[in-house]
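> Dropping the sequence and predicted coords here.
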Amino acid sequence: MGGNMSDAQKRADLEQAHDHDESRQLAGEEFYAKLERAVDECLKMSSGDAVSSATISRLEPKNSPPSSLRVNEGSSGADILAMPANGRIIEPEIEPKPPQREATEAKAPEGMITIDADTGPLRTEAKPFGKPPTTGGGRGGDGTFHKRLAPVDFSASLRAGVTAVRRNLAIVMFFTVASNILVLAIPTYLFQISDRVLTSRSLDTLVMLTIVIVGAVILQAAFDALRRFILMRTAVEIAAQLGAPILSAAARASLQSNGREYQVLGDLQQVRSFLVSRTLLSFLDAPIAPLFVVAVFLIHPHLGFIVVLTALMLLAFTQINQRMTAEPFAEANTAQVKANLHLESMSRNSQIINALAMIPETVQIWGKDTASSLKSQVIAQDRNITIAAISKACRLLTQIAMLGWGAFLSIEGQLTGGMVIAASIIAGRALAPIEGAIEGWNQYSQSRAAYARISALLKSSPLNFDRLNLPKPEGRLDVERLLYVPQGTKRVVLNGVSFALQPGDSLAIIGNSGAGKTTLGKMLVGSVLPTSGSVRLDLMDLRNWDQRQFGENIGYLPQDVQLFPGTIKANIARMRMDADDEQIYRAAMLADVHEMIASLPHGYETVVAADGSPLSGGQKQRIALARAFFGDPRMVVLDEPNSNLDNAGDAALLHALQHAKEHKITVATITQRPALLSSVDKVLLLVNGTVALFGMRADVLKAIEARGIDINTGSFGHQLL
């Protein structure tokens, strides 16, 4: 009986913990829903509300036992990769670590909450401190799984946005039809006043007729306001629904381009403006125009034919306007895009522009593209204005013809004066949408082109399938026969690069400028995909990792350090609002930058501008180093991490590398400074995109010295060919 009560109590405790976790997760989702209800799904896709709660290890004290992984300074050098005269790379045999398998069923450690999920593996939450256990290369670290995310399909986001617009436009069309029908109230009122009230002199008829017409006018105004309200909210909905997918797709596409895709967000603004413009209302009113033409025919066929003839002329002007303005508008948009890109470049390089007195030259380049855009716009607008003026003149002449011919018919006794006036008003209403479409053709053309660019970006983005969420990686890295040829070129940047690192290994990648070091570093973190070959983390190709999970388990310090506008705290936390303060502090301690941050007036709350001010170049680099170590990554890639550091920064970097070694974090450091070589286990020398030497540090350095090369000069390439 006691045992059963104990089991029941355990189940109750587990269910309570499960409910607590779910309520906390729902609270986070409600926060995002309040922030932007229309794009809750997109926010989950782009920023990720599910953050892996991996066990983060406590920093070991200085008197902790040294890591078992040591550099064998006296190795024989059998594991050095050599490049013989025939250019083939000879790879040494590397004995893989045999995977260790648990014989018994794994149980959650004390204090850890284990949650069963029917949509994927387990998601666990552990105590904030505790060193993650290691089990063997390729099996994952502490068994912690990343929560499964929904598959990302940007085309589906586009379809959902288009569906929402069409649904709302259907409602708008209902109010448009009702509003246009009620427009007939005014000509009907004039007709009745002229032909009935004035002849009958009946006050009762006048009062009742006025009440009915006033009610119709009020309804028409209400329906017109409702359709405008719906269009305005449709514009907001489409901006909210497509904003996150466009930005995410642009970020991914920018890896293979110059970043022009980010300007598609401006195209979304163009589409949003069109949805609330009078031009769209003219296009919506156009299908109702035949109703007014029929009404004119009912008054008299002669007047109806005049309206039809004018409508055909206006439609012809519309086609002429489209053909005459399409090319110059396209040229104007292309030139404006170039000018905007140059403007962004000026913003990023403002310090260089001022220091080198380059303001006149940069302004001249921007002005050249802007002038080209303005010239094309003037040509297109001149043609558009000319055709719009002709169409307006035709409409006015049509009303003159309606009144003149109507007066003739009235003299002949076929029409009354009220019918002539009513026919003229109805004819003007029938032709107004066509005239409005001509005047707003520029906006329509630009919006159509903007939507085409949005559609092309979202449809061309690769479908990201729901990847299997793997255990937290240990950091085993396998690089196999990497070949990289940039798109549109025939230059081979990397050729046959292969090497392997075990969890906790530290590697220095050295070589001349242009050897392909930075490109290799980008491939190790998945920001550049190889033309052929593969990069594997814990035996899994990077392309098969869940992108969110992979990003949470690696760190990257690029050569060109960029911080985001916000606090130092937010930058270290990778801009995640749900980041724990303890994680931020631990990352700062691991990167040995806490003391530097504490010396700032506002500490972790110091606000960083887009250009990184008020931080110096070295301070920005150290903050970015802490960002790389945030979240207990199992692999970190550092590209020239000490390029802007002073002596204190160099010492902090060496301490950070030592901390990484103690915590079994695999580190690949790209450097041209020999000072960092003393802190790594292995060295890889790249020459013209190929591996010249790879192996234990002492063996590689010995091989370099044997060839009579002074490593302190940093000149390796031509002496090794």
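Here it is on my side, so go on. Numbering: from 1, shown residues only.
> Which residue ranges of the stretch 401-550 of the chain form helices?
Using DSSP state H, counting those that start in this stretch, the helices found in the stretch 401-550 of the chain span residues 417-439, 441-460, 517-524, 547-552.
> Now distance to I353 and mean neighbour count too, for these, in JSON lines please.
C-betas here are computed from N, CA, C, even on glycine. Shown next, in JSON lines, are those (distance: least, CB to CB, whole Å; neighbours: other CB atoms under 10 Å):
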{"stretch": "helix 417-439", "distance to I353": "41", "mean neighbour count": "22"}
{"stretch": "helix 441-460", "distance to I353": "30", "mean neighbour count": "18"}
{"stretch": "helix 517-524", "distance to I353": "25", "mean neighbour count": "23"}
{"stretch": "helix 547-552", "distance to I353": "34", "mean neighbour count": "20"}
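> Which of the ones you listed sits closest to A164?
helix 441-460 (14.1 Å; CB to CB).
> Run through the stretch 101-250 of the chain and note the low-pLDDT ranges.
Applying pLDDT under 70 to the stretch 101-250 of the chain flags residues 101-153.
> Tell me which stretches of it form strands.
Here the stretch 101-250 of the chain has its strands, by DSSP state E, counting those that start in this stretch, at 113-115, 123-125.
> And N644, how far from L247?
The spacing between N644 and L247, counted by CB to CB, to the nearest Å, is 29 Å.
> What are the buried residues along stretch 156-164?
157-158, 160-161, 164 (16 or more other CB atoms under 10 Å).
> what does that stretch rub up against?
Outside stretch 156-164, the residues that touch it by CB atoms under 8 Å, 6 or more residues apart in numbering are 42, 234, 237-238, 241-242, 245, 454-455, 458-459.
> Farthest pair within those?
T234 and K459 (21.6 Å).
> name the element E595 belongs to?
helix 594-598 (DSSP states H and E).
> what's the spacing between the very next helix or strand once past that helix and its chain's center?
Downstream of helix 594-598, the next assigned helix or strand under DSSP H and E is strand 607-608. Centre-to-centre, strand 607-608 and its host chain are 23 Å apart (CA atoms, centre = their mean, to the nearest Å).
> now do stretch 341-348
Taking CA atoms, centre = their mean, one finds the center of stretch 341-348 at 19 Å from the center of the full chain.
> and that stretch, average pLDDT?
For stretch 341-348, mean pLDDT is 78.
> Pull out the buried residues from it.
Neighbour counts over stretch 341-348 (16+ other CB under 10 Å) mark 341-342, 346 as buried.
> returning to that earlier point: return the closest of the contacts of stretch 156-164 with respect to A579.
Taking CB to CB as the measure, A579 sits nearest to C42 out of the contacts of stretch 156-164, at 21.0 Å.
> Now secondary structure and distance to G436 too, for the buried residues of stretch 341-348, in TSV please.
Output for the buried residues of stretch 341-348, formatted as TSV (DSSP: H, G, I helix; E, B strand; the rest coil; distance: CB to CB, whole Å):
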residue	secondary structure	distance to G436
L341	helix	34
H342	helix	36
M346	helix	39
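> out of the contacts of stretch 156-164, which one sits closest to E605?
Taking the contacts of stretch 156-164 together and measuring to E605 by CB to CB, the closest member is C42, at 29.6 Å.
> Tell me if I'm right that F297 and G304 touch.
Yes: F297 lies in contact with G304 (CB atoms under 8 Å); the separation is 3.4 Å.
> between these two, which one's more packed in?
G304 (19 against 16; other CB atoms under 10 Å).
> Tell me what angle the helix or strand hosting the more buried one forms with helix 417-439.
Using DSSP H and E, G304 maps to helix 301-348. In terms of direction (axes from the mean of the first three to the mean of the last three CA atoms, to 10 degrees), helix 301-348 departs from helix 417-439 by 30 degrees.
> For helix 301-348, name the packing helices and strands.
Judged by 3 or more CB pairs under 8 Å, 6 or more residues apart in numbering; DSSP states H and E, helix 301-348 is in contact with helix 289-299, helix 359-411, helix 417-439, helix 441-460.
> Reformat the ones you listed as CSV; add mean pLDDT and distance to V535.
Formatted as CSV, the helices and strands packed on helix 301-348 follow (pLDDT from 0 to 100; distance: least, CB to CB, whole Å):
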stretch, mean pLDDT, distance to V535
helix 289-299, 90, 62
helix 359-411, 88, 39
helix 417-439, 86, 54
helix 441-460, 84, 24
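> would you list the ones you listed in a markdown table and tack on distance to I568?
Output for the helices and strands packed on helix 301-348, formatted as a markdown table (distance: least, CB to CB, whole Å):
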| stretch | distance to I568 |
| --- | --- |
| helix 289-299 | 61 |
| helix 359-411 | 31 |
| helix 417-439 | 52 |
| helix 441-460 | 33 |
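> Indicate which one of the ones you listed is closest to D650.
helix 359-411 (35.2 Å).
> helices or strands up against the closest one?
Packed against helix 359-411 by the contact rule (3+ CB pairs under 8 Å, 6+ apart) you find helix 301-348, helix 417-439, helix 441-460.
> now for these, which one comes closest to G695?
For G695, the closest of these is helix 301-348, at 40.1 Å, according to CB to CB.
> how far is that closest one from where the chain is centred?
Distance of helix 301-348 from the chain centroid (CA atoms, centre = their mean) equals 30 Å.
> That helix vs helix 289-299, what angle?
If you take the same axes, to 10 degrees, helix 301-348 sits at 160 degrees to helix 289-299.
> circling back to that earlier point, now flag whichever of the contacts of stretch 156-164 is closest to E435.
Proximity of the contacts of stretch 156-164 to E435 (CB to CB) peaks at T234, which lies at 24.7 Å.
> Surely the closest one and L169 touch.
Yes: counting by CB under 8 Å, T234 does reach L169; the two are 7.5 Å apart.
> ok, back up a step: wait, which of the helices of the stretch 401-550 of the chain is closest to Q559?
helix 517-524 (5.6 Å).
> Any regions of the stretch 601-721 of the chain where pLDDT drops low?
Ranges of the stretch 601-721 of the chain meeting pLDDT under 70: 708-721.
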